[in-house]
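>>> after the sequence you'll find the predicted model.
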Amino acid sequence: MTEQQHTSDSRHHLAIWCRAEVFTFGALTTPPPPDITPASLKSLVKYMKKSGTAGYPKMNYMLWRHIACSKLHMSEELAWMYFETYSMLTNVSAQRRIQTDIQTSKANTSTETERLKDSRKVDSLAFILLLFLQSFHQIDLKSTLSRDEWPNRKRNSDLDARKNRIYDEQSHQLFIQAHLDDLLNIVSDTSESSTSESVQSATLNMDAITALSYLFEGTLHDNLRKIVPLHVIIQNSSIQHEIGVNKSIVPFKNLSNLIRRSLIANPFQVGQTMKRGTLLPLPFNNPTHEQRSGRVLCNSNFADESHRFVLMTMINRSLSDQQSSEITNAEFRIHRCSYSYIYILAPLRCVEVRKCHNVTIVLGAVETTLKVTDCENVSISAVCRRLLISQCRSSSFYIHTPSRPLIQLNCASLLFAPYNSSHVELPEQMEHAGLCKELNLWNKPLVTHLAGYVDEQPWSLLPPDDFYPISSIRLEDQQTDGLLPLPLEYQSAMDKRQKSISTLANEITAAQLNPEQRQRFQRFVVSNFEAWLDATGNAKILNHLSSLQQQ
């Protein structure tokens, strides 16, 4: 760092970082259409501005569909996927989201549905920036080939792994450092065929700065409890004087230099949470782990509520129940867990499940995205606005979602079923998260990319006869009546099963067994049940549940 840069940073205590949610849940792993390039996005900005109120400062879906299909050569399904992705990552009120979903659920024809879509709008420049981010995974994949991933699978190379750890937030920072000028140029006031010299002398207006706030935020006073978007930072009088803002016009070169010297890794994500966060209790953690003990860490001791992040990692052969107020509305990451049952019934902002296998995860209401990556033999129950699946095999998803589940890179043998759980606080959580029970597209997945090992059809619907509800492990949370309506075929299968159980109970009663016969029958049932518990490993889970009852 030069002396001049050091003086500037010391004077302002300025730090700028990437909004993690936009990268983690907005940069999709589906490779973007080849026609999406910095030059083409620059042309699209010019085209939108010439399209009147349909294109700028807000763009409606009708115009975007035309651009996507005619100019970028993508399908209507992908066009809507990107449009919907942007909307999910903006601050829209829960009431408005519910109203929109209810209107969609009442649409009886495809024409009505398209009419509702056409009325939707996004901020034009910010949406274009989101399209630019779609190259993140494509570019980052090349760089990851030359570095170790953390946590490293090789236990004997931990020291080397520590030297090479790179967290997601650092990848975001590196991407911006490498492509910042392209990013700024897309929304700057320059011509399409700009030379490097003319770009450096270009300017940005406040609309462009506001759009950049979709990607950047920071703090002016080294205070992590007072976070502001980028456009608020630029409005600061001392910052304006430093970078030469004149009548709301920001010099390209000065803004680029300011962001570069102030850019840090997001201070609320994995790295700082592991370094500074607090440990949350694991009430059912098995103390006899063969592997390293699992941990749940939270950054609530240094982050405000809107930047809450929780990391659950290395839970193995255990049962975990997380309901602490510290995790409410947080971004939650479940990482490298195996052979476990995980219940998280607190409302969450977004969830990522990564590198897990042989786990059952039960979630309540997830306000935005549930992302499942590189998992095998997992069963997940959740109510969420979007389900995003990548590199997963042999897994089941019990989902209530108003958007089509997205199946991306390298997936196979996925089962989908309606949400199979309920608890007393779920209705309130759904209302707060902007999720309604009327619209559920759980059975309409969209396969966005076929590659690697994948079936001709990587997904199927769970047969109704194999559908079973799952209850909360806490008695006070259990709801006897199902909250969310089941499709007719699944409800009929459950009714039929319940009728069979009732019939069997009546037959046992009608058999009028004598005391000795009753005792022999009871021993037979108990013996077979205990054998099943041991064979499936569920006996250990019952022992954990017993410890809960004693607390």
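It's in.

>>> where does the stretch 201-350 of the chain have low pLDDT?
Within the stretch 201-350 of the chain, the stretches with pLDDT under 70 are 283-293.

>>> buried residues in stretch 296-307?
For stretch 296-307, the neighbour count (16 or more other C-beta atoms under 10 Å) marks 296-300, 303, 307 as buried. Placement of C-beta: from N, CA and C, glycine included.

>>> contacts for that stretch next, please.
With contact meaning C-beta atoms under 8 Å, 6 or more residues apart in numbering, stretch 296-307 is reached by 224-225, 227, 268, 272-274, 276-282, 308-313, 315, 320, 322, 324, 326-327, 329-330.

>>> try stretch 27-46
With contact meaning C-beta under 8 Å, 6+ apart, stretch 27-46 is reached by 67, 71-74, 78, 81, 85, 124-125, 128, 131-138, 182, 185-187, 192, 373, 388, 390-391, 406, 408-409, 448-449.

>>> out of the buried residues of stretch 296-307, which is nearest to residue 112?
Comparing the buried residues of stretch 296-307 against residue 112 with C-beta to C-beta places residue 307 closest, at 39.4 Å.

>>> ok, now how distant is that closest one from residue 218?
12 Å (C-beta to C-beta, to the nearest Å).

>>> residue 524: which element?
Per DSSP states H and E: residue 524 is located in helix 515-536.

>>> sec struct for the most centrally placed residue in the chain, please.
Centroid-nearest residue in the chain: residue 369, 3.6 Å away (criterion: C-alpha atoms, centre = their mean). When classified by DSSP: H, G, I helix; E, B strand; the rest coil, residue 369 comes out as strand.

>>> which residues do residue 307 and residue 218 both contact?
residue 227.

>>> isn't residue 59 right up against residue 48?
Yes: taking C-beta atoms under 8 Å as the definition, residue 59 is a contact partner of residue 48 at 5.7 Å.

>>> who touches both of those two?
residue 124.

>>> strands of the stretch 351-500 of the chain, residue ranges please.
357-373, 376-390, 393-400, 406-407, 412-418, 446-447, 459-461 (DSSP state E, counting those that start in this stretch).

>>> for the first one, packing partners?
What that stands for is strand 357-373. strand 338-344, strand 350-354, strand 376-390, helix 426-433 (3 or more C-beta pairs under 8 Å, 6 or more residues apart in numbering; DSSP states H and E).

>>> please name whichever of those is nearest to residue 114.
strand 376-390 (20.0 Å).

>>> for the record, mean pLDDT for that closest one?
Averaged across strand 376-390, pLDDT comes to 97.

>>> next: stretch 75-88.
95.

>>> buried residues, that stretch. List them.
78-88.

>>> go on, stretch 126-141?
Result for stretch 126-141 [16+ other C-beta under 10 Å]: buried residues 126-137, 140.

>>> give the contact list for residue 344.
With C-beta under 8 Å, 6+ apart, residue 344 has these contacts: 321-323, 327, 332, 351, 361-364.

>>> what is the end-to-end distance of stretch 469-488?
15 Å (C-alpha to C-alpha, to the nearest Å).

>>> which other residues reach the helix holding residue 524?
With C-beta under 8 Å, 6+ apart as the criterion, helix 515-536 contacts 508, 513, 538-539, 542.

>>> mind listing the strands for the stretch 101-250 of the chain?
121-123, 203-204, 216-219, 228-229, 250-251.

>>> closest to residue 413 out of these?
That would be strand 121-123 among the strands of the stretch 101-250 of the chain, by C-beta to C-beta, at 35.3 Å.

>>> list the strands paired with the closest one, with their directions.
strand 58-60 (antiparallel) (DSSP bridges).

>>> quick one: mean pLDDT for the partner strand?
Throughout strand 58-60, pLDDT has a mean value of 97.

>>> repeat for stretch 502-517
Mean predicted confidence for stretch 502-517 is 86.

>>> just stretch 125-143 next, same as before
Mean pLDDT, taken over the full extent of stretch 125-143, equals 82.

>>> on that earlier part again, could the strands of the stretch 101-250 of the chain go into JSON lines alongside mean neighbour count and distance to residue 496?
Converted to JSON lines, the strands of the stretch 101-250 of the chain look like this (neighbours: other C-beta atoms under 10 Å; distance: least, C-beta to C-beta, whole Å):
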{"stretch": "strand 121-123", "mean neighbour count": "20", "distance to residue 496": "46"}
{"stretch": "strand 203-204", "mean neighbour count": "22", "distance to residue 496": "64"}
{"stretch": "strand 216-219", "mean neighbour count": "20", "distance to residue 496": "53"}
{"stretch": "strand 228-229", "mean neighbour count": "16", "distance to residue 496": "55"}
{"stretch": "strand 250-251", "mean neighbour count": "22", "distance to residue 496": "67"}
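
>>> need those strands in JSON lines (columns: distance to residue 443).
Formatted as JSON lines, the strands of the stretch 101-250 of the chain follow (distance: least, C-beta to C-beta, whole Å):
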{"stretch": "strand 121-123", "distance to residue 443": "27"}
{"stretch": "strand 203-204", "distance to residue 443": "45"}
{"stretch": "strand 216-219", "distance to residue 443": "38"}
{"stretch": "strand 228-229", "distance to residue 443": "38"}
{"stretch": "strand 250-251", "distance to residue 443": "48"}
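
>>> dump the buried residues of stretch 75-88 to a markdown table, plus distance to residue 527 and secondary structure.
Converted to a markdown table, the buried residues of stretch 75-88 look like this (distance: C-beta to C-beta, whole Å; DSSP: H, G, I helix; E, B strand; the rest coil):
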| residue | distance to residue 527 | secondary structure |
| --- | --- | --- |
| 78 | 56 | helix |
| 79 | 59 | helix |
| 80 | 56 | helix |
| 81 | 53 | helix |
| 82 | 57 | helix |
| 83 | 58 | helix |
| 84 | 53 | helix |
| 85 | 54 | helix |
| 86 | 58 | helix |
| 87 | 56 | helix |
| 88 | 51 | helix |
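
>>> which one of the residues you listed sits closest to residue 171?
residue 85 (19.1 Å).

>>> the closest one touches residue 26, doesn't it?
Yes: between residue 85 and residue 26 there is a contact under C-beta under 8 Å: 5.8 Å.
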